[in-house]
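*Asks:* no letters, just coordinates:
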């Protein structure tokens, strides 16, 4: 049904895209007059310099291309300049995909875009092959201008005038608020942005016939299941419909899960759970969608050169960036939230996955979506290493990488935290052909390299 191979001067191993999304002139789809309006609005958007467009094999900025519809095929990455989004955008470019990034820059910098370009150009220069295309639209994905942007990549079929073709062949959706602690203080902000925004986005994508969707989910959807028995959690333990409920465990024994969540510990986790439920409902109602939910565990590390890292505008709350601030002298010490968890050293256990491995998981999800049967129109996958490390172990690894000590301060548990969170990864390995390659020591070494190679921010 769908072919997600990279397009437009692909690397030698890549095949061309054969199919694009189909948009019909009924059921809420766009008529020609609406497409013309999209084109007029897009020209206005371009004139206000809201767009950065680059062919990575050319140092020039191609603003004239903003004035015409584009017939190349693209992957749309929403929130593509954030920590995970920027690394995924880079990996997609390195695989030969053309990319459209939508980011409102609320938690990222222009320097991320610049460094993605530099790293991609360096990669392709070493191969002597033309680079894919990269575009950035600085808008909120909830803006009405999303229709204008998507209209720019929609063309009329040369044979059947009633059909519109979208050259956006897949979407990866990262944009969301993500602090567990903040979500307990500002729940409505989280529901409005993470959940209501997703619903509006799905309506827009459906109107343009774009049905290939990868969703940035989270291990927090498992709630209290994470801490039960101290065992890695399996996707089958959290399902949204009876069609997903019957599965087989590692020993081949049939198991049945009851749809629903148990003990969700934060509004953030609930927004991710409800988002998955919405996506599962959409796919159940219309199996022509291919929706993949990737349940992240704990992404850490950075691109090996140190040019991309976790560098948010807001105050960081995750362990690795906080340790980084301590090592840089920006914080006096690291707060360890709880030393009385039921773990080997009393500190919380997490499944820390290198962000480059995580980014590769998104590429694997795109590649596998087209071959999934209709009964798996919605499919969830854990992305983790399958191994847990304590906070104390992370501190030790960072101290080893930096050859300096990290002052710590023991405090009480945070609201919404759990003591154990480790992924079972067999489904992703089996169905996506994906497995992590990098270790916790790699995460620490790359993080330290990023600290020593600070990126100069642009607005």
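*Replies:* Great, that's in hand. If you're wondering where the values come from, they're calculated on a predicted model, not measured in any experiment. Numbering: from 1, shown residues only.
*Asks:* use CA for all of it now, contacts and neighbours both
*Replies:* OK.
*Asks:* show me the shaky parts of the stretch 51-200 of the chain.
*Replies:* Scanning the stretch 51-200 of the chain for pLDDT under 70 picks out 51-71, 156-163.
*Asks:* which stretches in it count as helices?
*Replies:* 83-94, 110-125, 145-152, 180-185, 187-190, 197-207 (DSSP state H, counting those that start in this stretch).
*Asks:* in the longest one, what's buried?
*Replies:* Buried residues in helix 110-125, counting neighbours by 16 or more other C-alpha atoms under 10 Å, are found at 111, 112, 113, 115, 116, 117, 119, 120, 121, 123, 124.
*Asks:* and the closest residue to the fifth one other than its chain neighbours, how many neighbours?
*Replies:* Closest residue to residue 116 apart from its sequence neighbours, by C-alpha to C-alpha, 6 or more residues apart in numbering: residue 90 at 5.7 Å. Here the number of neighbours of residue 90 (other C-alpha atoms under 10 Å) works out to 27.
*Asks:* try the one 10 residues further on
*Replies:* Each residue near residue 100 was counted by other C-alpha under 10 Å, and the total is 23.
*Asks:* tell me the contacts of it?
*Replies:* Residues near residue 100 by C-alpha atoms under 8 Å, 6 or more residues apart in numbering: 74, 75, 76, 77, 134, 135, 136, 137.
*Asks:* out of those residues, which is nearest to residue 345?
*Replies:* Checking the contacts of residue 100 against residue 345 by C-alpha to C-alpha gives residue 77 as the nearest, at 39.6 Å.
*Asks:* the residue nearest to residue 116 touches residue 118, doesn't it?
*Replies:* No. Taking contacts as C-alpha atoms under 8 Å, residue 90 lies outside contact range of residue 118: 9.9 Å.
*Asks:* which residues touch residue 380?
*Replies:* 235, 292, 293, 294, 295.
*Asks:* and those residues, which of them are in strands?
*Replies:* Judged by DSSP state E, strands contain the following of those: 292, 293, 294, 295.
*Asks:* would a markdown table of those residues with neighbour count, distance to residue 451 and pLDDT be doable?
*Replies:* Shown next, in a markdown table, are the ones in strands among the contacts of residue 380 (neighbours: other C-alpha atoms under 10 Å; distance: C-alpha to C-alpha, whole Å; pLDDT from 0 to 100):
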| residue | neighbour count | distance to residue 451 | pLDDT |
| --- | --- | --- | --- |
| 292 | 27 | 33 | 98 |
| 293 | 25 | 31 | 98 |
| 294 | 23 | 28 | 98 |
| 295 | 23 | 28 | 98 |
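*Asks:* what is the rounded mean pLDDT of stretch 349-358?
*Replies:* For stretch 349-358, the mean pLDDT works out to 96.
*Asks:* no, scratch that, I was asking about stretch 427-446
*Replies:* Across stretch 427-446, pLDDT averages out at 96.
*Asks:* element containing the nearest residue to residue 198 once chain neighbours are set aside?
*Replies:* Nearest residue to residue 198, sequence neighbours excluded (C-alpha to C-alpha, 6+ apart): residue 275, at 7.2 Å. In the assignment (DSSP states H and E), residue 275 maps to helix 267-285.
*Asks:* list the buried residues of that helix.
*Replies:* 267-280, 282-284.
*Asks:* run through who's touching that helix.
*Replies:* Under C-alpha under 8 Å, 6+ apart, the answer for helix 267-285 is 177-180, 183-184, 187, 190-191, 194-195, 198-199, 217-218, 220-221, 223, 240-241, 261, 264, 289-291, 293, 377-378.
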